[in-house]
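Participant: sequence-free structure coming up:
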């Protein structure tokens, strides 16, 4: 647990410095270590957008939306779906999830 806290602190410090690539690495590591927490995929997607990697950002955001949905956090899932559709309005998988 302390290791996750350290990684989260590193990610937040990287974001504060505008070091998006380091933040991406931190959040990817957090998601791998704790895949049940959708916030890691959401933050990863946000950071990937900052570095211009919309393809990987979409993948991470869809994982976050699906995880929020599995946890019955439907408002959060819908909010993440709207972010996805803001990046790619024709994203079929997200449209189906919202339906």
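Facilitator: Looks like it came in fine. Predicted model only: the values in this text are computed from it and were never measured. Residues are numbered from 1 along each chain as shown.

Participant: In the chain, spot the helix with the most residues.
Facilitator: helix 54-70 (DSSP state H).

Participant: State the mean pLDDT of it.
Facilitator: Averaged across helix 54-70, the pLDDT comes to 96.

Participant: Which neighbouring elements make contact with the very next helix or strand once past that helix?
Facilitator: Next in sequence after helix 54-70, counting helices and strands by DSSP states H and E, comes helix 74-87. For helix 74-87, the elements it packs on are helix 38-50, helix 54-70, helix 92-98, judged by 3 or more CB pairs under 8 Å, 6 or more residues apart in numbering; DSSP states H and E. In this view, the C-beta of every residue, glycine as well, is placed from N, C-alpha and C.

Participant: Kindly reformat these as JSON lines and extend each row with distance to residue 10.
Facilitator: Output for these, formatted as JSON lines (distance: least, CB to CB, whole Å):
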{"stretch": "helix 38-50", "distance to residue 10": "12"}
{"stretch": "helix 54-70", "distance to residue 10": "18"}
{"stretch": "helix 92-98", "distance to residue 10": "30"}
